[in-house]
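Participant: coords below, sequence missing:
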């Protein structure tokens, strides 16, 4: 048997309980109740021997012993073994048991401990007696286990006794014995996570503390729920970090995605670029996208899922419905950090789940519920659904721990049929996807999505065409035939806005950068790519777009090759996605863009670098730091540098650059804003006038 397999490893030492439970020890557990029974039997025997001489005593009623309840056995157990340590999770009783057991193995070597692998038993057999619980089953492992069968024995002790240890034995498929571990009871919680919550000072007081679920109609028991309580009910212990606190801020400052990630790296005292059950939640007032953005799980760069934020411009207030929405959003965003997707997107996970748009879960959207928002709230029990409960308690460690597996565990699309045209479409909506015919390898790839009402009876739609909101999905067929789903770097949890359509304005469109996302660069190789998009309509319809074919070309000239090398990289892709950043983690990417401008400033591709650097220079960039106390460091906008970079982009326009029209429009509006801040109102008006003319030409075409 292998010494490198914890299910068969020899030399496994037991914890401080150095033996397995014997039948005699199990019997001893019941000794108190047996003694009560023996005492009663002795009195009965004395009465049968005959009357006692003397006056007849008054009968004395005997107290009836109250049966003592026994402890639940569910919770977290841990061995003290070498060379492997086992963290065991037993989930067979207590609140909402999923009837599963799972565990993580850690390899001990000298003074170090490293994660080895995980297992879960999804359908164990339970044998329960008054004094013993035995759990047997076949486990699923993250490695090829030599002894995959498991038998767990846990004595059932009285409530006044300390919790008993769990004896875990592993067996081969033919029931040959493998390793044995004795795991002491550690906690009634299945996992423990440390949460640091920081509030920016411009968030009006009072900030969210708790919500009484009896304040508005809802099922389930009435209770006062905090964020910590919500996860505790799911079996997850959330410990609030001592580092949690307030952050001074200027009044009215909004936050960009780039600033959020940079602030997490600089300020979150527990942050590490490694897997750990530690997470940061920033409570801020406003995002750059406005009050329609309620929350965001922004950390999909490097190690994913370590940070999220909520915004009180759309959440604030002290009424019952506002407090309910605050609790919901706080828990929802943290749920994403545990690698849980929206209820209606489970099929896009790896491995693929089943979409549950009717789920009464923290991970659904109340406003997106098929029967309407009021129906959701009146039936929402303030809990995760059963499938999410299994994930929280028993997912393999790397699939749940912050900084482990990427959000959605990769972008491979297990169900490409989601992108097939429906057999019947009575939605009254049409979705179109378009782009340039070809891109140079390394060039940022953008697509334009256009939604049109083809039936005048369609009066409202949701306006979210960017995949960041989770309501539009894009499939990409690579040149080799592999189909993947585009996953954005940032996940925006938006308010349920609706857009009214008219006969004069019956469509909306948006251009989206999809060259880089949660899984890195999507167009790594030259060749023909096919793209198709799906829009999740308000009534649940899935509107499937046309198939877009675009070509990624290999560089031809030496100059093209050098530009490809400078533009092609994860840091550059992140900068294109964020439209610039001051983050120290993106220093190499910024240096590459600087080189593009220095050496190849006349090349049409240089417009991409000018746009990114110009937009970033046009804005104040703030980072939350912790040196030595929490504060916001602000880099003021460099208007002169922004003018120098954006002016040639706007002047050249789409005709002389590779930029799409929406990017040109964005650069034009930024330029006008910078001109106005420098006191050049006439120049700003001229820039805006040119933009109106350009829009007019686009409409006439």
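Facilitator: Happy to help now that I have it. Given the structure is predicted, the values throughout are model-derived calculations rather than measurements.

Participant: pLDDT below threshold where in the stretch 51-200 of the chain?
Facilitator: When residues are selected by pLDDT under 70, those of the stretch 51-200 of the chain lie in 51-67.

Participant: now the strands for it?
Facilitator: Using DSSP state E, counting those that start in this stretch, the strands found in the stretch 51-200 of the chain span residues 75-79, 84-91, 100-109, 112-121, 125-128, 132-138, 140-141, 149-155, 166-171, 177-187, 191-200.

Participant: nearest to residue 639, out of those?
Facilitator: strand 191-200 (25.2 Å; C-beta to C-beta). (Glycine included, C-beta is placed from N, CA and C.)

Participant: just checking: what are the partner strands of the helix or strand following the closest one?
Facilitator: Next along the chain after strand 191-200, taking DSSP states H and E as the criterion, comes strand 211-212. Based on DSSP bridges, the strands next to strand 211-212 in the sheet, each with its direction, are strand 224-225 (antiparallel).

Participant: and the partner strand, how far out from the chain middle?
Facilitator: With C-alpha atoms, centre = their mean, to the nearest Å as the basis, strand 224-225 stands 23 Å off its chain's centre.

Participant: of all the strands of the stretch 51-200 of the chain, which one is nearest residue 520?
Facilitator: The closest approach between residue 520 and any of these, judged by C-beta to C-beta, belongs to strand 112-121 at 23.7 Å.

Participant: by contact count, what packs against the closest one?
Facilitator: On a contact count with 3 or more C-beta pairs under 8 Å, 6 or more residues apart in numbering; DSSP states H and E, strand 112-121 meets strand 100-109, strand 132-138, strand 140-141.

Participant: could you redo the last one with a cut-off of 7 Å?
Facilitator: Counting contacts by 3 or more C-beta pairs under 7 Å, 6 or more residues apart in numbering; DSSP states H and E, strand 112-121 packs against strand 100-109, strand 140-141.

Participant: re earlier: what's the closest of the strands of the stretch 51-200 of the chain to residue 393?
Facilitator: With C-beta to C-beta as the criterion, residue 393 lies closest to strand 84-91 of the strands of the stretch 51-200 of the chain, at 5.7 Å.

Participant: ok, how many other residues are close to residue 669?
Facilitator: 14 (other C-beta atoms under 10 Å).

Participant: what's the pLDDT at it?
Facilitator: For residue 669, the model assigns a pLDDT of 89.

Participant: could you check how far residue 382 is from residue 215?
Facilitator: When C-beta to C-beta, to the nearest Å is the yardstick, residue 382 and residue 215 sit 12 Å from each other.

Participant: which one's more surrounded, these two?
Facilitator: Neighbours per residue (other C-beta under 10 Å) separate residue 382 from residue 215, with residue 382 holding more: 22 against 14.

Participant: circling back: dump the strands of the stretch 51-200 of the chain to a markdown table, plus distance to residue 691 and mean neighbour count.
Facilitator: Output for the strands of the stretch 51-200 of the chain, formatted as a markdown table (distance: least, C-beta to C-beta, whole Å; neighbours: other C-beta atoms under 10 Å):
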| stretch | distance to residue 691 | mean neighbour count |
| --- | --- | --- |
| strand 75-79 | 60 | 24 |
| strand 84-91 | 59 | 23 |
| strand 100-109 | 57 | 21 |
| strand 112-121 | 54 | 18 |
| strand 125-128 | 69 | 13 |
| strand 132-138 | 65 | 18 |
| strand 140-141 | 58 | 16 |
| strand 149-155 | 67 | 22 |
| strand 166-171 | 68 | 22 |
| strand 177-187 | 60 | 20 |
| strand 191-200 | 33 | 21 |
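
Participant: how about the ones you listed, which one is nearest residue 314?
Facilitator: Ranked by C-beta to C-beta, the member of the strands of the stretch 51-200 of the chain that lies closest to residue 314 is strand 191-200, at 15.0 Å.

Participant: touching the closest one from outside, list them.
Facilitator: With C-beta atoms under 7 Å, 6 or more residues apart in numbering as the test, strand 191-200 has contacts from 207, 236-241, 243-247, 249, 268-270, 277-285, 630.

Participant: ok, and what's touching the helix or strand that contains residue 331?
Facilitator: Using DSSP H and E, residue 331 maps to helix 320-337. Residues from elsewhere that reach helix 320-337, judged by C-beta under 7 Å, 6+ apart: 208, 211, 215-216, 225, 227, 230, 279, 281, 294-297, 305, 308, 310, 315-316, 362-363, 402, 491, 493.

Participant: quick one: low-confidence ranges for the stretch 251-400 of the chain?
Facilitator: Scanning the stretch 251-400 of the chain for pLDDT under 70 picks out 251-252, 269-271, 273, 299-303, 350.

Participant: quick revisit: in strands, which of the contacts of strand 191-200 appear?
Facilitator: Filtering the contacts of strand 191-200 for membership in strands, criterion DSSP state E, returns 236-240, 245-247, 278-284, 630.

Participant: among the residues you listed, which ones are buried?
Facilitator: Of all the ones in strands among the contacts of strand 191-200 considered here, the ones buried according to neighbour count by 16 or more other C-beta atoms under 10 Å are 236-238, 247, 278-284, 630.
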